[in-house]
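[1] quick one: sequence and predicted model below, then my questions.
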Amino acid sequence: MSEIILKVKNLKVSFGKETVIENLSFKVKRGDFISIIGPNGSGKTTLLKALLGLIKYEGEIEWKKGIKINYLPQWFSKESFSVIPITVKEFFELKNTDEEKIKKAIEMVGLEYKKVLNKNPHELSAGQFQRLLIAWTFVDEPDVVLLDEPTTGIDIGGEKTIYHLLYKFWKEKGMTILMVTHELNIVYYYSTNVLCLHKRCLAFGKPEDVLNEKILTKTYGIKIKFHKHKMRR
Amino acid sequence: MTPLIWITTILVASAAGFLGTFMISKRMSLTAGPFGHLALPGVAIALLYDFNVFLGALGFILFGALIVWVLRRVSNLPLEALTGIAFVFGLSLGFLFLPMEHAKEAIMGDVTKININDFWIALTFSIITFITVSKIHKKIVLVTLSEDLAKTLGANVKTLDLIFLILIALVTAMEVKIVGGIMTVAMIILPASIASNLARSLKQYLLISPLSGVISASIGLLIYQYTNLPAGPLIILSLFTLFLISLLFKKRV
């Protein structure tokens, strides 16, 4: 049994009078790949922010001591780079990592290090940019990575690449991943656990146990049937 | 014109240019302007009671920052609105108390009034500005990209805001003898805008910004020496000319 690195107990988050999350409890083990699913406004992003300590909450969130957590927010946009004169290399150096590691991470996501090195991230295509962000998130070898819909703004082909890269990083580096996503096929094939969220936890468990019509309909509020597609990992 | 005036002006211009690199952050650039204008009433009071305008300006900017901070606690208005309010308050108070025989000096500066004390002040606080900005510029970049992300990487946004505010107050107060109490923001924003047009990397940005401040200050002082027109506006017009030229070389992204 691997060790438990995150315990969440009776988590409650409210903004003013509106309760966004309540009564949420779950545990995460080292090496888990957890997908968080739920409709818009179900508290997915809020959950990540609470886990990171960015917002106020009630209840308990207990990370194992000394754990390094990285975060990739949703809509971390290419446009935000257009106002900053910064090269890809300098962007990675914000994290105080050495060149060897930067080169490895950039090559791992299939970008040519020498080609992108001195470009502004803003000059890359949407797909390349998102891959760059994945490399950036993993470059300093965190124990845990929290991702909020990492394929926002990417076409379907690009989406697959991103999820595949995530899986590659997860498998090779033995990290723990918590990811918010809408892509149920990805959830089914890649994750070790699924958390169905709609204000409270509706189900938490292995994808094959959770991804059934009954729970999905309960989660999304409309009838959803999940069709497994054959996928290569 | 003495070497003291040259050295002091160049020190202040480089510090202002270096601090200007924070202007990539939209929130900070919106704050800088109005806070700069708060210098004027401080200058007016200093001239009225005959003490160093640096101290007068610094004291009043910090006082203004305190007012904005209090207003922020008791109202829901955005920071830009509040600094705007502080700005008109500062100006009207400044004009009310400003001794008319000193009006020109207060509004557009007077480099001949630079003395040895100003040199030591400029030396000390320029060094402090350079060290502080170099130390926290990475965090500022992160905050500009994403505040949430910066926080998870250990940046304290409130502390950064405070440091920025203190540096703005110090640099603005140092500028008062050179460009007066109203135009201080030009020496901070223009060099950074020039650098932003020309730089392809952070390294270049951090180098070009203070450098264009120094170049414009030198050109302004040279023209002043030969024409005897006021140095402050000349320095700022040099900055503006450099800015126009930089637009021609603006990288296309």
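    That came in fine, so what should we check first?
[2] all contacts plus neighbour counts: C-alpha atoms, from now on.
    OK.
[3] residues from chain A in reach of chain B?
    A:52, A:54, A:69-73, A:76, A:80-87, A:90, A:94, A:118, A:120, A:122-123 (CA under 8 Å from any CA of the partner chain).
[4] helices - which of those land there?
    Those of the residues of chain A next to chain B mapping onto helices are A:E90, per DSSP state H.
[5] quick check: phi and psi on A:K7?
    Main-chain torsions, A:K7, degrees, to the nearest 10: phi -120, psi 120.
[6] check the one 3 residues further on too.
    Recorded main-chain torsions at A:N10 are phi 50, psi 40, according to degrees, to the nearest 10.
[7] one step back: by neighbour count, sort out the buried ones in the residues of chain A next to chain B.
    The neighbour-count criterion (16 or more other CA atoms under 10 Å in any protein chain shown) marks A:52, A:69-73, A:76, A:81, A:83-87, A:90, A:120, A:122-123 among the residues of chain A next to chain B as buried.
[8] OK, contacts around residue 89?
    Unless you meant another one, I'm taking chain A. Neighbour list for A:K89: A:I102, A:L117, A:N118 [criterion: CA atoms under 8 Å, 6 or more residues apart in numbering or on different chains].
[9] what do you get for A:G38?
    Contacts of A:G38 by CA under 8 Å, 6+ apart are A:K44, A:H182, A:C196, A:L197, A:H198, A:T219, A:Y220.
[10] please, where are all the strands along chain A?
    Assigned by DSSP state E, chain A shows strands spanning A:4-15, A:18-29, A:33-37, A:58-63, A:69-72, A:144-148, A:176-180, A:193-198, A:200-205.
[11] how distant is the last one from the center of its chain?
    Relative to the chain's own centre, strand A:200-205 is displaced by 18 Å; criterion: CA atoms, centre = their mean, to the nearest Å.
[12] can you tell me what sits against it?
    A:21-26, A:193-197, A:210, A:215, A:218-219.
[13] quick check, nearest of the residues you listed to B:A44?
    Closest approach to B:A44 among these (CA to CA): A:I21, at 55.2 Å.
[14] from memory the closest one sits against A:N10, does it?
    No - A:I21 is beyond contact range of A:N10, at 9.6 Å (criterion: CA atoms under 8 Å).
[15] neighbour count: these two, which is higher?
    Neighbours of A:I21 and A:N10, each counted by other CA atoms under 10 Å in any protein chain shown, are more numerous for A:I21; the result is 24 against 15.
[16] how about the contacts made by that one?
    A:L11, A:K12, A:V13, A:S14, A:S42, A:G43, A:T46, A:L47, A:H198, A:K199, A:R200.
[17] go on, B:L55?
    Contact analysis of B:L55 by CA under 8 Å, 6+ apart lists B:G42, B:A46, B:A173.
[18] which of those count as buried?
    Buried among the contacts of B:L55 by 16+ other CA under 10 Å: B:G42, B:A46, B:A173.
[19] buried sites along stretch B:150-164?
    Neighbour counts using 16+ other CA under 10 Å place B:A150, B:K151, B:T152, B:L153, B:A155, B:V157, B:L160, B:F164 of stretch B:150-164 among the buried residues.
[20] and what of stretch B:10-29?
    For stretch B:10-29, the neighbour count (16+ other CA under 10 Å) marks B:10-25, B:28-29 as buried.
[21] and for the closest residue to B:V179 other than its chain neighbours, the neighbour number?
    Take B:V179 and drop its neighbours on the chain: the residue closest to it by CA to CA, 6 or more residues apart in numbering or on different chains is B:G232, 4.0 Å away. B:G232 has 27 neighbours, counted by other CA under 10 Å.
[22] check which helix or strand covers B:G232.
    Element membership for B:G232, per DSSP states H and E: helix B:231-248.
[23] give the rounded mean pLDDT of that helix.
    Averaging the model's pLDDT scores along helix B:231-248 yields 96.
[24] for the stretch 1-150 of chain B, what lies in contact range of chain A?
    Going by CA under 8 Å from any CA, the residues of the stretch 1-150 of chain B near chain A are B:I24, B:K138, B:K139, B:V141, B:L142, B:T144, B:L145, B:S146, B:D148, B:L149.
[25] quick one: contacts of stretch A:208-216?
    So stretch A:208-216 is contacted by A:Y188, A:V194, A:C196, A:L202, A:A203, A:F204, A:K223, A:I224, A:K225, A:F226 (CA under 8 Å, 6+ apart).
[26] what about the first one, how many neighbours?
    The local packing of A:Y188 (other CA under 10 Å) involves 20 other residues.
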